[in-house]
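Asker: Return atomic coordinates for the entry below.
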Amino acid sequence: MVSSLKSTTTLNNGVEMPWLGLGVFQVKDGEDVFNSVKTALEVGYRSIDTAAIYKNEEGVGKAIAESNVPRDELFITTKLWNADQGYDSALAAFEKSLEKLGLDYLDLYLIHWPLPSQGKYVETWRALEKLYKDGRVRAIGVSNFKIHHLEDIIGNCEIKPMVNQVEYHPRFNQWQLHNFCKKNGIQLEAWSPLMQGGLLDDPTLGEIAKKYNKSTAQIIIRWDIQTGVVTIPKSVKPHRIAENADIFDFELSKEDMEKINTLNQDKRMFADPDDFNRI
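Answerer: Take a look at the predicted model:
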């Protein structure tokens, strides 16, 4: 059983990644993101997930710098935006993100979307391989990659992705992708695990929450972890940040896990990665 906020999963290169982290998607740079990250670190979070397109890397970096947490205890992720795909562009974008975060290295760097219309993600991946080999980042991975995108990387590159961060929640559990990732030693990670709050009124989840004397959000986050999926719920409210982390004193029964599994509708809330071409 994953039993504490310090619990980690071991990636396919031996690096340990926390099961639970704080996501900062749509959190404004400056005071908002600074306070969110500061609160999370005080609560005991050690994994923070941002991205170049979130435009809040500087605020994340400031909170990290002003915390008393040793750098080697932290796991910091950021992502390469679509406009920076391509070998040289990716290397340059990495340096910009690192500078904004005020860090000497990253723990995880992800390609944010495959952007198939540009056909550059294999070339981009080779840039991430260089960063990894040069010791600039401890682990490399992708985000929003479907099976066929992953197969392109695996078939044409030297290093297999260590993480695939995707939309994942009880109504879109991506079992086929999850099984593919497990078979290939790629850690699945959930973004928008609470479906941006869209699941908090679900009656089945509410019933299970009452049984364990937990919130619906806590039930969903616990389900993520028990399915072997790293999760990064976002919040700017201190009590929610703390509540989201209070999921290590119980375990969902097999029966309740199955009840949650039946909520799947194979329904995306966001764009299909094959069609998402925003630059």
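Asker: Please count neighbours and contacts with C-alpha atoms only from this point.
Answerer: Fine.
Asker: thought Asn13 was touching Met162?
Answerer: Yes - counting by CA atoms under 8 Å, Asn13 does reach Met162; the two are 7.3 Å apart.
Asker: Would you mind listing the residues touching both of the two?
Answerer: Common contact partners of Asn13 and Met162 (CA atoms under 8 Å, 6 or more residues apart in numbering): Ala139.
Asker: who's Gln187 bridged to?
Answerer: Beta bridges link Gln187 to Val163, judged by DSSP bridges.
Asker: quick one, strands of this protein?
Answerer: Counting by DSSP state E, the chain has strands at residues 8-10, 16-18, 22-23, 47-49, 75-80, 108-111, 140-143, 163-167, 187-191, 230-231.
Asker: what about the closest residue to Lys62 other than its chain neighbours, distance to Ser235?
Answerer: The shortest distance from Lys62 to any non-neighbouring residue, by CA to CA, 6 or more residues apart in numbering, is to Phe34 (6.8 Å). With distances taken as CA to CA, to the nearest Å, Phe34 is found 12 Å from Ser235.
Asker: who's more crowded, those two?
Answerer: Between Phe34 and Ser235, Phe34 has the larger neighbour count (other CA atoms under 10 Å), namely 24 against 21.
Asker: What mean pLDDT does stretch 128-136 get?
Answerer: Stretch 128-136 carries an average pLDDT of 98.
Asker: Asn13 and Met162: who's more crowded?
Answerer: Neighbour count, other CA under 10 Å: between Asn13 and Met162, Met162 has more, with 23 against 14.
Asker: Show the contacting residues for the more buried one.
Answerer: Shown in contact with Met162 (CA under 8 Å, 6+ apart): 11-13, 139-141, 185-187.
Asker: which one of the residues you listed has the most neighbours?
Answerer: With neighbours defined as other CA under 10 Å, the most crowded of the contacts of Met162 is Ala139; it has 27 neighbours.
Asker: can I assume that one is in contact with Leu128?
Answerer: No - counting by CA under 8 Å, Ala139 does not reach Leu128; the two are 9.2 Å apart.
Asker: Spit out the residues that contact these two alike.
Answerer: Tyr109.
Asker: check contacts around Val69.
Answerer: Contact partners of Val69, counting by CA under 8 Å, 6+ apart, are Leu41.
Asker: From Gly23, how far out is it?
Answerer: Distance of Val69 to Gly23, given as CA to CA: 18 Å.
Asker: One more: Val142?
Answerer: 16 Å.
Asker: re the thing from before, pipe the strands of the chain into JSON lines and attach mean pLDDT and distance to Glu95 per row.
Answerer: Shown next, in JSON lines, are the strands of the chain (pLDDT from 0 to 100; distance: least, CA to CA, whole Å):
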{"stretch": "strand 8-10", "mean pLDDT": "98", "distance to Glu95": "26"}
{"stretch": "strand 16-18", "mean pLDDT": "98", "distance to Glu95": "22"}
{"stretch": "strand 22-23", "mean pLDDT": "98", "distance to Glu95": "21"}
{"stretch": "strand 47-49", "mean pLDDT": "98", "distance to Glu95": "17"}
{"stretch": "strand 75-80", "mean pLDDT": "98", "distance to Glu95": "11"}
{"stretch": "strand 108-111", "mean pLDDT": "98", "distance to Glu95": "11"}
{"stretch": "strand 140-143", "mean pLDDT": "98", "distance to Glu95": "15"}
{"stretch": "strand 163-167", "mean pLDDT": "98", "distance to Glu95": "21"}
{"stretch": "strand 187-191", "mean pLDDT": "98", "distance to Glu95": "24"}
{"stretch": "strand 230-231", "mean pLDDT": "98", "distance to Glu95": "26"}
